[in-house]
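# Structure for the following, please:
(chains A and B)
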Protein chains: 2
Amino acid sequence: MADSIATDETNRLIASNKVDGTAVYNPEGERLGSVYNFMVNKRTGHVEYAVLQFGGILGFGSDYYPLPWNTLNYDSGQGGYVVDLTREMLESGPHYQATEEPLHDLNYGRQVYSHYGVSYPY
Amino acid sequence: MADSIATDETNRLIASNKVDGTAVYNPEGERLGSVYNFMVNKRTGHVEYAVLQFGGILGFGSDYYPLPWNTLNYDSGQGGYVVDLTREMLESGPHYQATEEPLHDLNYGRQVYSHYGVSYPY
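Numbers count the residues shown, from 1 in each chain, chains lettered A, B, ... in the order given. So this is what the prediction gives:
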């Protein structure tokens, strides 16, 4: 299994510019949207959440859904991230439009993590 | 100082697409280059290093210099990152060309951190 070890090492890190724009699927292979960007804690360098762009037509009228980083799993077969979330779960979660970006404060972070049942470490 | 607290909160997180392309200066205000991208540990969501694009002309012949995330400090006055590093320190550090991207494995990470005197937490 030397090869798979080597592959794991190579794939240990992912470049920021390869995350942005990557497709996001649910476990059934249905495309939910794409990663718009992700938010990094300036001090600690920790990625707090990835922002899924979802809905709208050709990017117009899309909404932006922050998701805890560890809800996204990269699937090299699909060439995108898989999240184990239903549309309903997403639609009822925190989201915003391009023109109304929230204050990304601790309260907002807590809301995001809480909605997806992930404990908030900040 | 309620205002500065609010500002700190707002600026707690930075968007990935605002980091890429941002200018990098030394403490004397000399422009060293710009952030090309940054590398995130897929599992932990931790930013391991930011990659400084430096040298060359209009992007041609540039080299890429990974820097530990915590060597970069954002200066809103300059609208860019400030690193307390000399050109000599950078030039003698790990770097690569676009065509020869290294295996971003633990050994490489250790080399990067070690060159800049930062303990490697991985």
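# Go ahead and name everything in contact with stretch A:89-100.
A:32, A:52, A:54, A:62-67, A:102, A:108, A:111-112, A:115-116 (Cβ atoms under 8 Å, 6 or more residues apart in numbering or on different chains). Yep, even glycine has a C-beta here, placed from its N, CA and C like the rest.
# mind running it again at 6 Å?
A:63, A:64, A:65, A:102, A:111, A:112, A:115 (Cβ atoms under 6 Å, 6 or more residues apart in numbering or on different chains).
# ok, those vs residue B:78, which is closest?
Among the contacts of stretch A:89-100, residue A:102 lies closest to residue B:78 (Cβ to Cβ), at 26.7 Å.
# ok so, going back, include secondary structure and pLDDT when you put the contacts of stretch A:89-100 into a markdown table, please.
Formatted as a markdown table, those follow (DSSP: H, G, I helix; E, B strand; the rest coil; pLDDT from 0 to 100):
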| residue | secondary structure | pLDDT |
| --- | --- | --- |
| A:63 | strand | 92 |
| A:64 | strand | 94 |
| A:65 | strand | 95 |
| A:102 | coil | 90 |
| A:111 | helix | 96 |
| A:112 | helix | 96 |
| A:115 | helix | 97 |
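# Whichever of those end up buried, select them in PyMOL.
A single PyMOL command selects the buried members of the contacts of stretch A:89-100 (16 or more other Cβ atoms under 10 Å in any protein chain shown):
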select buried, chain A and resi 63+64+65+112+115
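# residue boundaries of the strands in chain A?
A:13-15, A:23-25, A:31-41, A:47-54, A:63-68, A:73-75, A:80-82 (DSSP state E).
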